[in-house]
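1. Structure for this input, please:
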Amino acid sequence: MYKLCPNCDVEKSHENFNKDKSKRDGFCSWCRECSSTRASEWRKKNAARNLELKRNWQKKNRGKINQENKEAAAKIKTKVIDFFGGCCKLCGGIENLTLDHPNKDGLRHREEINVGAGLPFYRFLLKNNFDTNVYDIRVLCNVCHGIADRDMSCILSESQVKSIRERYTTEDISQRKLAEEFEVSVGTINQVLHHKLWRTV
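-> The predicted structure follows:
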């Protein structure tokens, strides 16, 4: 179906017109391009009035705006978390996940790219196709992230975890000896051996 726009005098398909239930055919009289141009011109001529209307609308729809922003942020975070594994690197959990710099250089990384922590950082990674440059990033749940912040002993590589488990099984070596060798706490060695940490390895 086609319709003539009275402003530009061009016949266009209905997909080029915004919908308007008050009209007989269900579409606005002017095409989208002409309507957009007219709206843009009005905003330029009535900047103060436009700002007032915008603020009033935001005030009346604050709850809706907050909810939409929250949902949009959740989608961005999910995409980023999924890219980096989708589960906690230490315990395998899939709830309350966040990103972590295992080498504790997250602040330096964010300062270099000039973005803040949290959502701004997730947006940057998504926009730049998850390019982390030379920085290592992993996914942790909030519990393991808290442990890692308090205890540097949580910084173990996957190969180290495999070595610890293999050596404890095949060699006559104590957990304390392993802890001293890998410079971690005995508690961390115990959790690694019992798969409470690094469950996915």
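
2. Okay, buried residues for stretch 110-119 please.
-> Applying a neighbour-count criterion of 16 or more other C-beta atoms under 10 Å, the buried positions in stretch 110-119 are 110, 115, 119. To be clear about C-beta, it is placed using only N, CA and C from the backbone, and glycine gets the same treatment.

3. closest to Y168 among these?
-> Sorting the buried residues of stretch 110-119 by distance to Y168 puts R110 at the head of the list, at 37.6 Å, by C-beta to C-beta.

4. so how far is N128 from the closest one?
-> The gap separating R110 from N128 is 13 Å, by C-beta to C-beta, to the nearest Å.

5. one step back: show me which of the buried residues of stretch 110-119 is closest to S13.
-> Nearest to S13 among those, counting by C-beta to C-beta, is L119 at 39.3 Å.

6. these two touch, right, the closest one and V80?
-> No. In terms of C-beta atoms under 8 Å, L119 does not count as a neighbour of V80; the distance is 9.9 Å.

7. Tabulate the buried residues of stretch 110-119 in JSON lines, adding columns for distance to I189 and pLDDT.
-> Output for the buried residues of stretch 110-119, formatted as JSON lines (distance: C-beta to C-beta, whole Å; pLDDT from 0 to 100):
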{"residue": "R110", "distance to I189": "32", "pLDDT": "90"}
{"residue": "V115", "distance to I189": "36", "pLDDT": "91"}
{"residue": "L119", "distance to I189": "36", "pLDDT": "91"}
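
8. which element is T98 on?
-> Under the assignment given by DSSP states H and E, the secondary-structure element containing T98 is strand 97-100.

9. just checking, what packs against that strand?
-> In terms of contact count using 3 or more C-beta pairs under 8 Å, 6 or more residues apart in numbering; DSSP states H and E, strand 97-100 is assigned the packing partners helix 62-83, strand 138-141, helix 142-150.

10. partners of it in the sheet?
-> According to DSSP bridges, the neighbouring strands of strand 97-100, each with its direction, are strand 138-141 (antiparallel).

11. Run the chain-centre distance for the strand holding T98.
-> Per C-alpha atoms, centre = their mean, to the nearest Å, the displacement of strand 97-100 from the mean C-alpha position of its chain is 10 Å.

12. State the mean pLDDT of it.
-> Per-region confidence: strand 97-100 scores 92 on mean pLDDT.

13. Just the C-alphas of the helix or strand following it, formatted as PDB.
-> Next in sequence after strand 97-100, counting helices and strands by DSSP H and E, comes helix 106-113. Included here for helix 106-113 are C-alpha records, laid out as PDB according to Å, rounded to 0.1, in the frame of the first residue of the first chain:
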ATOM      1  CA  GLY A 106      42.000  -3.600  37.000                       C
ATOM      2  CA  LEU A 107      42.400   0.100  38.100                       C
ATOM      3  CA  ARG A 108      45.400   0.600  35.800                       C
ATOM      4  CA  HIS A 109      43.500  -1.000  32.900                       C
ATOM      5  CA  ARG A 110      40.500   1.300  33.400                       C
ATOM      6  CA  GLU A 111      42.700   4.400  33.800                       C
ATOM      7  CA  GLU A 112      44.400   3.600  30.500                       C
ATOM      8  CA  ILE A 113      41.100   3.400  28.600                       C
END
